[in-house]
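*Asks:* Next come a sequence and a model predicted from it.
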Amino acid sequence: MSARDRAPDLRWRALKRRTLTGLNPAFESLLAGLAGLLIGAIVMAIWKYNPWKAYAAMFSGAFGDTFGIASSLARATPLILTALTFSICVRAGMFNIGAEGQVYVGALAAACVGYFSLPPGLHLIVGLAFAVVAGGLWSLGPAILKVTRGVNEVISTIMFNWISHFLGFYLVANIMVDRIHSERTVSVPPSARFPLLVRGTDLSYALFAAIAFAVVIYFILWHTVTGYEVRAAGLNPTAARYGGINSRRTMLLAFILGGMGAGLAGASMVMGQPPTFAITSGMGEVVNLGFDGMAVAMVGRNHPIGILFAALFFGGLTAGARAMQMRAGVPLDMVLLVEGIIVVALAIPELARVFRILEHRMVRFLRRRSA
Amino acid sequence: MSLSSIWGILLITLHAMVPITLTAVGEVFGETAGLFNIGLEGILLLSAFTGALAATAAGATVGLFVGMGTGALVGVLFSIINTYWKGNQMVTGIGINLFAMGFVGFGLTAMGPGFSAIPAARRLVAIPTSGGPFSPIIFVAIVFPFLAYFFLRRTRAGLILKAVGESPEAADVAGIRVNLVRLLATTFGGVLAGLAGAYMSVSWIGSVTKGMSAGRGFIALATVVFSGLNPLLALLGGLVFGFFDSLALWIQTLPGSKAVPWQFLAMSPYIVTLLVVAGVIGRVRFPKALGEPYKRE
């Protein structure tokens, strides 16, 4: 084999070293993201939308100006929290699909601050406490069923989601309804609202609450004994049990911490989202936040730092989707579709291997051409 | 309560039973072979949409077959990822459900507001009875579990399916192609879920909405847990869940029913599912290799 023959081979090997070893998880997330956008483009083309125009509108809507960036960050705020809900449980070895319902419950609890008045600041903190406690309590149901009866958490959390869905509909329409605006609940008073970060946008200080929660979760999981136990029980339950770790305790803890995050996400929507600061009938403010969070968690590789970046990506996707709807007429649900593809792609552990096979073919092709 | 109103309630229950029973029986095949498909909810939703699309264009029978084809396609995708590519079954299922929600929501908006209802002439012809129309798919849902029971318990192919789920290593040594059997079983499960989805739009409800699967895929999974992989118990479970699923529909026709808000009736199938699953678990044994991809040593 001459040196000229080996040249493309070496070049590819160098590229492989750089991409497939050092950056492996991030690179896979990127690959999955591209797959999602590509299949999204194909679906758009089937329904005769212009994918280029749509994605251009999406990008400029998400990151094109201050308003776009603020809007993306505002969308990212609850996603950071619901993604943490999912990923804490993944770290503990479970699939908690219940963030969706825990967000509803958290939002409903937060909206209760509209019934009494307190000094500014304290009012906000009380509202957050309501939401966090409500989310944590709602997650307790599937958690207890899991540790006492061994009920699969996927099934139980979905059932709890539907129960809270109808509970929310009932409360919004019958109990918490505003006397003047019958289409929504009572509004959160200004003393309990998150102050806006950028005037004229819907980005509020709730963003910092979400980031703070991510930091707390990072600290708990990686810098405390309890967190170590949670992760150990998730990685290898048998070994953890022999090591004296009570896996029931770690499961309960993961569920409750997650539920608290989801409750906070619900609060961030009612206490930090202009203009109504209330829940409208149909709960459009909070619907799908839990499901979006799962995609964010997976792209962020279930790590708080990764989740911050992934939430920015999906926040941009969601904010951009509005621009896409306005300028290119593409339905908003495009985002969910893209998320689904991304998650399916990330389910394949050998995504990198599939890529490597393609790469080998490419090398052979190049070799044949240079020969 | 008169005889005809009892027949009316039974009829509504039977109609609600069909999607849960069909999906659950399909999943019994998949779980017997060792794959746990939580993407069934997505298959129901996708095939309800594609089935309605095809039925509107070319008639009810085509609609049902397109629904089954959609289920098969997703089933094949799910099983390739989770057999040959050793994927994570939970994550794949979650992804399929997200995709289905997005795809159907997108498709419904893209088709415009005129689409969602299927013209009466394009729906599956129902048998008229004194209590209302009776969908022929109900027969399929009642007869099929018996055939499935016979297949799984009394044939060599059924035994192979069980071997693959219980001990893939042994099956492999005996010359069975483990991944292929798993692929076929899960694809078949997808076909049945596809039929169930298309039935919902083409025969039962007659329209498509974004939320029409309404957790039935997960209720079917719970039914499989309840059944302990016995198709006949899946039929019974489908009937129980169908009863609660349709509770909100018929109870409102009774006098004095206004005392209970409809939202609480709508919650009942999910609460019952939780109770049943919590009650039977521990007494049911599942295949040893359920949820694990098979890797040759």
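*Replies:* Thanks, I have it.
*Asks:* C-alpha only now, for contacts and for neighbours.
*Replies:* Fine.
*Asks:* what pLDDT, on average, does stretch B:39-58 get?
*Replies:* Predicted confidence along stretch B:39-58 averages 92 (mean pLDDT).
*Asks:* buried ones in it?
*Replies:* B:39-56 (16 or more other Cα atoms under 10 Å in any protein chain shown).
*Asks:* Stretch B:136-147 too?
*Replies:* B:137-138, B:141-142, B:144-145.
*Asks:* In helices, which of those residues appear?
*Replies:* The helices in this structure, assigned by DSSP state H, contain B:137-138, B:141-142, B:144-145 from these.
*Asks:* any chance of those residues in CSV, with distance to A:Pro331 and pLDDT too?
*Replies:* Converted to CSV, those look like this (distance: Cα to Cα, whole Å; pLDDT from 0 to 100):
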residue, distance to A:Pro331, pLDDT
B:Ile137, 34, 88
B:Ile138, 36, 90
B:Ala141, 36, 91
B:Ile142, 39, 92
B:Phe144, 39, 93
B:Pro145, 40, 94
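*Asks:* Quick one: name the residues of the stretch 251-371 of chain A near chain B.
*Replies:* Taking Cα under 8 Å from any Cα of the partner chain as the measure of proximity, the stretch 251-371 of chain A contacts chain B at A:291, A:330-350.
*Asks:* do that again at 6 Å, thanks
*Replies:* If contact is defined as Cα under 6 Å from any Cα of the partner chain, the residues of the stretch 251-371 of chain A in contact with chain B are A:331, A:333-334, A:336-337, A:340, A:343-344, A:347-349.
*Asks:* Quickly check the residues you listed for the two that are furthest apart.
*Replies:* Comparing all pairs in those by Cα to Cα, the longest separation belongs to A:Pro331 and A:Pro349, at 31.4 Å.
*Asks:* In terms of neighbours, single out the busier of those two.
*Replies:* A:Pro331 (20 against 16; other Cα atoms under 10 Å in any protein chain shown).
*Asks:* Now A:Thr280: phi and psi?
*Replies:* Note on A:Thr280: its backbone torsions stand at phi -90, psi 160 [degrees, to the nearest 10].
*Asks:* Spatially nearest residue to it (excluding sequence neighbours)?
*Replies:* Residue nearest to A:Thr280 in three dimensions, not counting chain neighbours: A:Arg184, with 4.0 Å by Cα to Cα, 6 or more residues apart in numbering or on different chains.
*Asks:* before we move on, back to that, in helices, which of the buried residues of stretch B:39-58 fall?
*Replies:* Cross-referencing these against helices under DSSP H gives B:40-56.
*Asks:* Can you tell me which helices and strands the longest helix that chain B contains packs against?
*Replies:* When secondary structure is assigned using DSSP H, the longest helix within chain B turns out to be helix B:3-33. Using 3 or more Cα pairs under 6 Å, 6 or more residues apart in numbering or on different chains; DSSP states H and E as the contact criterion, the secondary-structure elements in contact with helix B:3-33 are helix B:156-166, helix B:178-199, helix B:216-227, helix B:231-245.
*Asks:* between these, which gets nearest to chain A?
*Replies:* Checking the helices and strands packed on helix B:3-33 against chain A by Cα to the nearest Cα gives helix B:216-227 as the closest, at 6.0 Å.
*Asks:* Give the buried residues for the closest one.
*Replies:* Judged by neighbour count using 16+ other Cα under 10 Å, the buried positions of helix B:216-227 are B:216-227.
*Asks:* of all these, which comes closest to A:Ala210?
*Replies:* For those, the nearest to A:Ala210 is B:Phe218 (30.8 Å; Cα to Cα).
*Asks:* Any regions of the chain where pLDDT drops low?
*Replies:* No chain was given, so I picked chain A. Along chain A, the model assigns pLDDT under 70 to residues A:1-24, A:350-363, A:365-371.
*Asks:* Wait, chain B was what I had in mind.
*Replies:* The model of chain B has pLDDT under 70 over residues B:1-3, B:255-258, B:281-284, B:297.
*Asks:* So which residues on it come close to chain A?
*Replies:* Near chain A, the residues belonging to chain B are B:87-88, B:91-92, B:95-96, B:98-99, B:102-103, B:105-106, B:218, B:263, B:267, B:270, B:278 when assessed by Cα under 6 Å from any Cα.
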